[in-house]
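Engineer: here is my input; please provide its structure:
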Amino acid sequence: MVKGIKKKKVKSFKYHAGKFSAFSKTIRSKVNAGAVPLEAREVRWDEIAETNGWDPAYIESFLEQDTLPPATDPELPKRSRGNKVLHEWKKEVEKYLESIITLEGRGSSVTSPKTAATFRLLEFLELLQYESKLSSYEFFQTISRLTCNTGLDVTKDRYPALLRMIHQWRYFKLLKRSGRGHDPTRPASETKPGECAVLCPACPQPGINLPEGWEDEPEETQYIHGLNLALDCNMRLKRKNVSNTTADPSLNRGCAYFVDDPPFREFLEKHSNEVEPKSTCSRHDAVNLADVRPGHGYAASGVGTVECARHNSKRPNAICDTQKGERYCNMDYITILSLSLIVLKFFLISYDIACQWYIHLFERIKSIDKDCILLRTDTTIRFVVPKFHLPAHIPACRDRFAFMITPGAGLGDGEAPERGWSETNALGPSTREMGPGSRSDTLDAHFGDYNWRKIVSLGSSLLKKMKTATSDVAEHVIAHQELESTLQRSDIDAWIVAVRTWEKDPTQPNPYELRVKTPTQAAVRRQLAEEEASALAAGTDFTAIDDISPSDIISYGLDLEAEQRTLKTSSRQVWEHSQDRQLTRLQLRSNAMTRKLDVWYQRLQIYIPAVTHLRKKHESQDHIPPYELPLWLPSQIGKQAPCDVRLATIEYRLREAQAHEALGTLRRNLQMRATLYDTKDRWMRGQGANTRALNAISTVKGRIDNAAADYRRAREALVVLTELLGYQKFDETFLPLKAEDIRSMAAPDDGKGETRRTLSWIWRQGDANEAGSDSYIADTVRLEWAKSRARAQRHLEEIKIVKEEMDRTLRFFRWKEGQWTA
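Structural biologist: So this is what the prediction gives:
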């Protein structure tokens, strides 16, 4: 012992206020030999440990021996900064792996290891986390209690050591499984980007599992050698703004699924000032909230992915962090990177906002990578929206980006990312607390296990797809043939030309859109006004009052009927114990309605004198609320009293438009409700946000109920007027509206899937518009023929695609066998 340095001098080193520190004029250290004057300098070993990447166990090993830890790493140059240990360790990973295997254990530190774990324990922890998504902390607490569950002997905190060991263990296993841990010609430090990812055997891999001459496949069937991609973001896999790449570097560094961080950050810097365009479709939060930050204290708002859409497998270098929302630049980057080594001629790209993302995609790609395969002139690209997300889009998008009408789509649905997120969402609470390197490597490991389990079940999965396609194809082909047998051959030939033209060039007129629109009440009222003007000019007008025409009196009656329904709805929202202000407001509205009805009856009896007798007969009953009083329109009078047929004809035309308009309102609000439910499930977290979302959904539900009531009343009137006017047959366009008919396009129907289920009849009607035409029914038949043909074609495509996928899988395994046995 150096003279003047006592043992108790060393013991004065303590941990207080969250930091290790010591004050002394001289200290004794095995690393810094001899007595070193410090001039009352404060040394903080917790900061030194963090800088050098040491865990607390390394510091404690010195304190237990009553010695001070070193101020620098004794095995590294003095100028080293940050987590130099892991950075240098990765360069010498082969030597380290050799020594660890010899020891049959895992060290928690690469310099002076004090803690080790057996291979058995680390492998058990790895598989347990893959299956249960258990956090390392919970596992450590479990084995601590197994060591001593009485609390009498406090076990030492080896949790930081366990974190480092499992981190390195996963990296070693990644190298081993990809053949990088045994390559004598190329060290692990030279692993290429994406080289350690588990590839999908059924996806087309040029030079691996594609047949000879696949490039010569005709354009019409090139889809069997095409690649189906699915893009999506998961905003539950956030990461807090803790640590950094210096203190917590990634060991994988882009060799698996996550992109390499440095070039990705450099790319983001170039696009940091870009502002995302607002959505021209529905109010997609993925687009409109793309520039919104995830909240205070978060470094990543989630992750974005590009993966195999048909087999649910993550693609190499196709996952990245999102810094705000679903920004286009992030998704562009991983899309280009995932296709960097792919040379194919057909791509089907599914994205829930594909209708917005694709608009300027090729201009953005040119600015990033001019050699991208998607820019080649001989490449066919189809953009689609996943089936579950499609109902939230406007009709124009539904008629263009649907899987069912897209050639080469088969029976895919594009929802592969959503299935994958259900596996990894449970990791969110633990990975959000990690540093950048630990988090990306942890998710890489789970994505790799996810891909492996998909490969294990690939045989049964492909067999199930083949059985589904072959069992249903005959039904759809025969149904289409039966439909064509009832149509004119000339019409069919013209429709086939139109469909094929659109399939080759989607900018051409879309054959899946309803071209003939149904009239609105406003359009019919305008037509009636024009007819009355012609009658005035011809001297055949039958107007009885100068200030109100026959069409005006019927139109006014329909408006009063709508006000009665609104007042009735309001009356149901109050009761005897409601506030005086609410009761007063309702009473004032009732009084106003009563005055309007008095004026209405005075005018109506001039055109229909029998109304006076009908009113006396009806109003002799007890007091009736104003919203329950009959208006005595021709449809309500029926055959109870004489009525001018011309007035009944006017009401019939207005009721017909009212029914069409009500169906249009019903469809729009069902679409809006689907969007709100999707937004709530994907984005809303917390009681306040969910309450606001439920209030918005409740408002839309009220509109749906009102539209359904309008349609039912209009149909009842049309049934009466059809008989009153002597029409031979009631318009079959207006079917009875049952409760089970009021559902969105994506709602299930008797347990049937998307391709086999039937839509509610309300979605087979036209959208309300300012124009009307008698060819509406003919156009509906054309549209049904096109969809029937598409269903049959998709089933036939699915059989060809699955057969080729089976062959590709076998060729891939033979290639992999050759790699391992070479």
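Engineer: all strands for the stretch 651-800 of the chain, in order.
Structural biologist: 768-769 (DSSP state E, counting those that start in this stretch).
Engineer: residue boundaries of the helices in it?
Structural biologist: Listed in chain order, the helices of the stretch 651-800 of the chain (DSSP state H, counting those that start in this stretch) span residues 687-724, 776-821.
Engineer: can you lay out those helices as JSON lines showing distance to Glu123, mean pLDDT and mean neighbour count?
Structural biologist: (C-beta placed from N, C-alpha, C; glycine too.) Shown next, in JSON lines, are those (distance: least, C-beta to C-beta, whole Å; pLDDT from 0 to 100; neighbours: other C-beta atoms under 10 Å):
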{"stretch": "helix 687-724", "distance to Glu123": "41", "mean pLDDT": "83", "mean neighbour count": "16"}
{"stretch": "helix 776-821", "distance to Glu123": "21", "mean pLDDT": "89", "mean neighbour count": "17"}
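Engineer: nearest to Lys314 among the ones you listed would be which one?
Structural biologist: Closest approach to Lys314 among the helices of the stretch 651-800 of the chain is made by helix 776-821 (16.4 Å; C-beta to C-beta).
Engineer: roughly how far apart are His389 and Asp547?
Structural biologist: Applying C-beta to C-beta, to the nearest Å, the value for His389 to Asp547 is 53 Å.
Engineer: do the same with Glu740
Structural biologist: Shown here: Glu740 relative to Asp547, a distance of 46 Å by C-beta to C-beta.
Engineer: Leu404: how many residues sit nearby?
Structural biologist: Small correction: residue 404 is Met, not Leu. Residues lying near Met404 (other C-beta atoms under 10 Å) number 17.
Engineer: from Ala498, how far out is it?
Structural biologist: For Met404, the distance to Ala498 (C-beta to C-beta) stands at 17 Å.
Engineer: kindly report the same for Tyr677.
Structural biologist: Taking C-beta to C-beta, one finds Tyr677 at 35 Å from Ala498.
Engineer: look at Glu740 and Asp547 and report which has more neighbours.
Structural biologist: In terms of neighbours (other C-beta under 10 Å), Glu740 is the more surrounded of Glu740 and Asp547; the figures are 10 against 7.
Engineer: grab the nearest non-local neighbour of that one.
Structural biologist: Closest residue to Glu740 apart from its sequence neighbours, by C-beta to C-beta, 6 or more residues apart in numbering: Ser760 at 7.8 Å.
Engineer: that neighbour against Lys738, yeah?
Structural biologist: No. With contact defined as C-beta atoms under 8 Å, Ser760 does not reach Lys738; the gap is 9.3 Å.
Engineer: among the two, which residue is more densely surrounded?
Structural biologist: With neighbours defined as other C-beta under 10 Å, Ser760 and Lys738 compare such that Ser760 has more, 20 against 10.
Engineer: how near is that one to Ala657?
Structural biologist: Following C-beta to C-beta, the distance that separates Ser760 from Ala657 is 21 Å.
Engineer: Cys148: how many residues sit nearby?
Structural biologist: When neighbours are counted by other C-beta under 10 Å, Cys148 registers 11.
Engineer: now it: how far from Lys504?
Structural biologist: Separation of Cys148 from Lys504 (C-beta to C-beta): 73 Å.
Engineer: repeat that for Thr246.
Structural biologist: Distance, Thr246 to Lys504, using C-beta to C-beta: 53 Å.
Engineer: settle it for me: which of those two has more neighbours?
Structural biologist: For Thr246 and Lys504, the more surrounded residue by other C-beta under 10 Å is Thr246, and the numbers stand at 17 against 12.
Engineer: now do the SS call for the more buried one.
Structural biologist: Secondary structure state of Thr246, per DSSP: H, G, I helix; E, B strand; the rest coil, is coil.
Engineer: next one: Pro407
Structural biologist: On the basis of three-state DSSP, Pro407 is classed as coil.
Engineer: may I have the phi/psi pair for it?
Structural biologist: Phi and psi for Pro407, reported as degrees, to the nearest 10, are phi -60, psi 140.
Engineer: same check on Phe347?
Structural biologist: Backbone geometry at Phe347, expressed as degrees, to the nearest 10, gives phi -130, psi 130.
Engineer: swap in Asp321?
Structural biologist: Dihedral angles of Asp321 (phi, psi; degrees, to the nearest 10) stand at phi -80, psi 150.
Engineer: quickly list what it is bridged to.
Structural biologist: Beta-bridge pairing for Asp321 (DSSP bridges): Val303.
Engineer: and it, how many neighbours?
Structural biologist: The tally of other residues near Asp321 (other C-beta under 10 Å) stands at 23.
Engineer: quick one: it and Thr424, what's the gap?
Structural biologist: Asp321 is 14 Å from Thr424, by C-beta to C-beta.
Engineer: cool, and Cys203?
Structural biologist: Distance of Cys203 to Thr424, computed by C-beta to C-beta: 20 Å.
Engineer: okay, those two: which has more neighbours?
Structural biologist: Legend: neighbour count by other C-beta under 10 Å for Cys203 and Thr424, higher for Cys203 (25 against 20).
Engineer: now for Ile742: which residues touch it?
Structural biologist: Shown in contact with Ile742 (C-beta atoms under 8 Å, 6 or more residues apart in numbering): 666, 670, 704, 708, 760, 762.
Engineer: what comes up buried for stretch 366-376?
Structural biologist: 368-369, 372-374 (16 or more other C-beta atoms under 10 Å).
Engineer: what comes into contact with that stretch?
Structural biologist: Residues from elsewhere that reach stretch 366-376, judged by C-beta under 8 Å, 6+ apart: 267, 332-333, 335-336, 339, 342-344, 347, 361-362, 365, 379, 381.
Engineer: distance between the ends of it?
Structural biologist: Start-to-end span of stretch 366-376 (C-alpha to C-alpha, to the nearest Å) is 11 Å.
Engineer: distance from the chain centre to stretch 406-418, please.
Structural biologist: 14 Å (C-alpha atoms, centre = their mean, to the nearest Å).
Engineer: farthest pair within the contacts of stretch 366-376?
Structural biologist: Farthest pair in these (C-beta to C-beta) is Phe267 and Leu344. Separation: 24.4 Å.
Engineer: gap between the residue positioned nearest the centre of the chain and Pro407?
Structural biologist: With distances taken as C-alpha atoms, centre = their mean, the residue of the chain nearest its centroid is Asp352 (5.5 Å). Distance, Asp352 to Pro407, using C-beta to C-beta: 21 Å.
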